[in-house]
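Student: Predicted structure and sequence below. I'll ask about it afterward.
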Amino acid sequence: MPKFKTLDDLPADLSGEVALVRVDLNLPMKDGSATDVTRVEAARPTILELAGRGAKVLLLAHFGRPGGQRSSMLSTSMVIGDVERVLGKEVMFIPEIAGPVVDQAVSTILRSGDIGLLDNTRFWPGEEGNDPTFAQAIAAHGTLYVNDAFSAAHRAHATTEGLTHFLPSYAGRSMEAELKALDAALGTPETPVAAVVGGAKVSSKLAVLEHLVGKVQHLIIGGGMANTFLAARGVDVGKSLCEHDLAATVARIMDEADNAGCTIHLPYDVVVAKEFAANPPSLRTCNVHEVAADEMILDVGPQAVEALADVLKTCRTLVWNGPLGAFETEPFDAATVALARTAAALTLEGSLISVAGGGDTVAALAQAGVSDNFSYISTAGGAFLEWMEGRVLPGVAALEV
């Protein structure tokens, strides 16, 4: 596992220090307040630990996509109430990111243990351009840098990568937990390893599949992606969502899996219907070879789920990204819920390390009621996917020592 410094490498007493802390406050909003504060909760331990040890804490975050322009609707002041509620502490809003306004706040207003929130990092073009002069101007206000935003680590921006060139840099508690979990899942995992990869399209996860066949012993394919694999094997999938033009690509992935000793698991019984709606009258379960021309596959069948559960019982590590069926609509969530509960039970009994990530996956596991029972669930979307593709994440690489 790559070496990086954590908060444990800092002195116990941080009085006199100013910690610039990159967090993810890009929260979903409705009527002026956040509908989900999971990302603030993830950053809370780091923020409160640094403040508790006497540092002045300056929070850096982006909010939306202002494209280098100021916008009152995309100011981080929009989320300050939610941040204060989660932290249980007052947070001072600072409407700049560098310069005299920040200098005054740090030198004369904030006291040891206080927290300030700087404005949206993306109001300045230097952020997404990773401009070293811009990064240096921000760094001038701090004595140390902490990155606690894994979900933004796939971006080489001034506040995710640039600052590490000017200040001693550390992984926050959330970042530390994420990196340890990901290393346990694919870096130096206990084998055998299974991966569940679902979702609508193979095209969006080609790089993931190509990376995983060389890393895992069992690759479980679900969602619309499974239809493309079935079609490539000569199965008639009716009017199911399917990327027929990727047949040759899928055949190549299956060959690579064979050569690498990776078993690809596709459903052999499926849940089908003539229309995509909740509990449609045409709903039935059948063998994959019995799908009619006017039917679409909307979930993995119960026999296949039982067989997949048996596969997980032989594994020591599981990585999960994407649902097995059209889980947002009942009853097409059944396979995802059933397999997630098996994985959770195996995790609780200590025989499986389970790591999951991605927006749909987080929602599906919550629906199954097992969010607390997986070893680790990543809230990151793009960063988690790029990690599954085997790509170097700039924000993580910059922390390595």
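Tutor: Everything's here; your move.

Student: Which pLDDT does the model give residue 392?
Tutor: For residue 392, the model assigns a pLDDT of 89.

Student: Kindly report the same for residue 251.
Tutor: 95.

Student: What count of nearby residues applies to it?
Tutor: 13 (other Cβ atoms under 10 Å). The C-beta positions use only the backbone N, C-alpha and C, and glycine is treated the same way.

Student: Now do the contacts for it.
Tutor: With contacts defined as Cβ atoms under 8 Å, 6 or more residues apart in numbering, the neighbours of residue 251 are residue 232.

Student: Give me the three-state assignment for it.
Tutor: helix (DSSP: H, G, I helix; E, B strand; the rest coil).

Student: try residue 271
Tutor: At residue 271 the chain is in strand, as set by three-state DSSP.

Student: That one and residue 222: what is the separation?
Tutor: 12 Å (Cβ to Cβ, to the nearest Å).

Student: Spit out the residues that contact those two alike.
Tutor: 300, 325, 335.

Student: in the stretch 301-401 of the chain, which spans are strands?
Tutor: Applying DSSP state E, counting those that start in this stretch to the stretch 301-401 of the chain gives strands spanning 317-321, 353-357, 376-378.

Student: Residue 62: which of those is closest?
Tutor: strand 376-378 (18.5 Å; Cβ to Cβ).

Student: The closest one: which residues count as buried?
Tutor: The neighbour-count check on strand 376-378 (16 or more other Cβ atoms under 10 Å) flags 376-378 as buried.

Student: Looking at those residues, which one is closest to residue 283?
Tutor: Within the buried residues of strand 376-378, the smallest distance to residue 283 is 30.5 Å, found for residue 377 (Cβ to Cβ).

Student: So what pairs up with that closest one in the strands?
Tutor: Judged by DSSP bridges, the bridge partners of residue 377 are residue 356.

Student: what's the helix-or-strand element of the chain with minimal mean pLDDT packed up against?
Tutor: Within the chain, judged by mean pLDDT, DSSP states H and E, the helix or strand with the poorest mean is helix 359-367; its value is a mean of 86. Here helix 359-367 is seen to pack against strand 317-321, helix 334-348, strand 376-378 when contacts are counted using 3 or more Cβ pairs under 8 Å, 6 or more residues apart in numbering; DSSP states H and E.

Student: Now do that helix: everything it contacts.
Tutor: 198-199, 320-323, 327, 333, 336-337, 340, 356, 371, 374, 377, 379, 381.

Student: between residue 271 and residue 222, which one's more packed in?
Tutor: Comparing residue 271 with residue 222 by neighbour count (other Cβ under 10 Å), the higher total belongs to residue 222, at 28 against 22.

Student: List the contacts of that one.
Tutor: 196-198, 267, 300, 322-325, 335-336 are the contacts of residue 222 under Cβ under 8 Å, 6+ apart.

Student: same check, this time on residue 115
Tutor: By Cβ under 8 Å, 6+ apart, the neighbours of residue 115 are 47, 51, 57-59, 87, 89-92.

Student: Surely residue 286 and residue 268 touch.
Tutor: No: with contact defined as Cβ atoms under 8 Å, residue 286 and residue 268 do not form a contacting pair (10.3 Å).

Student: list the residues that contact both of the two?
Tutor: In terms of Cβ under 8 Å, 6+ apart, residue 286 and residue 268 are both contacted by the residues residue 301.
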